[in-house]
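1. Structure for the following, please:
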Amino acid sequence: MGTAESTKRKQKTANPSTAQKEPHSHTSMADQKDNIDDFKVQTAKHPNLGSAPLRQHSEQSKDRASKRLSTESNGTSDGGVGSSTPVEVTALEESFRRFAIHGDTRATGKDMHGKNWSKLCKDCGVIDGKNITLTDVDIVFSKVKKKSCRAITYDEFKVALIDLAKKKYKEKTGEEAEAEVFKLIEGKTPVIAGVTRAVASPTVSRLTDPTKFTGSHKERFDDTGRGKGKAGRVDMVDTSGYVSGYKHRGSYEKKVNKPTEGKPM
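-> This next block holds a predicted model:
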């Protein structure tokens, strides 16, 4: 008896993997059976489930991320009221975005720096030089922006406009003045200045005027200012027989070759 029990113990210790696989094999079979039962129940509830391919968990997470980004870009929230329609951008906010990104390729249009704020007030006619000056615009900008920020948001932008409207339209009520200022900005775009023209300088004009050249430079151009080409750069031999600088050059040929019309033979 002792030998039989010892041999059984040796067999169990020699093959521990088989002893561990037996309970797991029963468990895996049970899990497979449960999965089959669940699949049958889902198929009964949804007849078209078997025809549509099942997507992996990674693909589903990508779809959710793309949906979230699309809703954020459209200004909507997932699951909120009216989430299927994007938020309409007003004309005032559109002008704010156009001026916010002017001259800055990295700007997102969500905030506006002081330089673009001043340009907006100039281009849209908010600054009139009497009630509203450039100093007033800078003071309002520093007042509405946060201390740790260098730009203002759209909400702070509206607050700044309301503050300027009270100074610009003193004879009107708060709502009327606010509406008038908004009208000045709605639908406007930054004014792009033209190409800077070169200012004519007397020194430059004198240096580029060939009629005022002297010495060897004068020989390179004729009386009209056109270049003579090779004749103005190289000393060419004159074989006409006339002295250099003779005023009546060519007059003898005209006399000799003069036509004899109407003379009797």
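
2. CA atoms for contacts and neighbours, from now on please.
-> Noted.

3. After the helix or strand bottoming out on mean pLDDT in the chain, which helix or strand is next?
-> Across the helices and strands of the chain, mean confidence by mean pLDDT, DSSP states H and E is lowest for helix 57-73: a mean of 50. For helix 57-73, the following helix or strand on the C-terminal side (DSSP states H and E) is helix 91-100.

4. by contact count, what packs against the helix or strand that that following helix is followed by?
-> Going down the chain from helix 91-100, the next helix or strand is strand 111-113, by DSSP H and E. When contacts are defined as 3 or more CA pairs under 8 Å, 6 or more residues apart in numbering; DSSP states H and E, strand 111-113 sits against helix 91-100, strand 151-153.

5. Dump the ones you listed into a markdown table; add mean neighbour count and mean pLDDT as well.
-> Listed next are these as a markdown table, based on neighbours: other CA atoms under 10 Å; pLDDT from 0 to 100:
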| stretch | mean neighbour count | mean pLDDT |
| --- | --- | --- |
| helix 91-100 | 20 | 92 |
| strand 151-153 | 21 | 93 |
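
6. can you list those in JSON lines and add distance to I185?
-> Shown next, in JSON lines, are those (distance: least, CA to CA, whole Å):
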{"stretch": "helix 91-100", "distance to I185": "6"}
{"stretch": "strand 151-153", "distance to I185": "16"}
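
7. of all these, which lies closest to V204?
-> Using CA to CA as the measure, helix 91-100 is the one of the helices and strands packed on strand 111-113 that comes nearest V204, at 39.2 Å.

8. if we look at the closest one, which residues are touching it?
-> By CA atoms under 8 Å, 6 or more residues apart in numbering, the surrounding residues in contact with helix 91-100 are 107-113, 116-117, 119-120, 154, 182, 185-190.

9. Distance-wise, check H102 relative to L161.
-> Using CA to CA, to the nearest Å, we find H102 at a distance of 19 Å from L161.

10. How about L207?
-> L207 is 53 Å from L161, by CA to CA.

11. tell me the angle of the helix or strand harbouring E180 relative to helix 91-100?
-> Counting by DSSP H and E, the element that carries E180 is helix 174-185. Helix 174-185 runs at 50 degrees relative to helix 91-100, counting by axes from the mean of the first three to the mean of the last three CA atoms, to 10 degrees.

12. List the buried residues of the one helix or strand A160 maps to.
-> Assigned by DSSP H and E, A160 belongs to helix 154-168. Of all the residues in helix 154-168, those buried under the rule 16 or more other CA atoms under 10 Å are 154, 156-166, 168.

13. Then stretch 141-151?
-> Buried residues in stretch 141-151 (16+ other CA under 10 Å): F141, S142, V144, K145, A151.

14. coming back round to it: buried ones only from the contacts of helix 91-100, please, as a ChimeraX command.
-> The following ChimeraX line selects those of the contacts of helix 91-100 that are buried, judged by 16+ other CA under 10 Å:
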select :109,111,112,113,116,117,119,120,154,182,185,186,187,188,189,190
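
15. since we're on V140, how many residues are nearby?
-> 16 (other CA atoms under 10 Å).

16. S118 now?
-> With other CA under 10 Å as criterion, S118 counts 18.

17. With adjacent residues omitted, what lies nearest to it?
-> V137 (6.7 Å; CA to CA, 6 or more residues apart in numbering).

18. follow-up on the earlier one: now the angle from the helix holding A160 to helix 91-100?
-> Going by the same axes, to 10 degrees, helix 154-168 makes 100 degrees with helix 91-100.

19. Looking at helix 154-168 now, give me its mean pLDDT.
-> For helix 154-168, the mean per-residue pLDDT is 92.

20. ok, residues contacting it?
-> Counting by CA under 8 Å, 6+ apart, 93, 96, 110-111, 126, 131-132, 137, 140-141, 144-145, 174, 177-178, 180-182 sit against helix 154-168.

21. so where's the stretch 151-265 of the chain uncertain?
-> In the predicted model of the stretch 151-265 of the chain, residues 194-200, 259-265 satisfy pLDDT under 70.

22. could you redo the last one with a cut-off of 90?
-> Along the stretch 151-265 of the chain, the model assigns pLDDT under 90 to residues 170-175, 187, 189-265.
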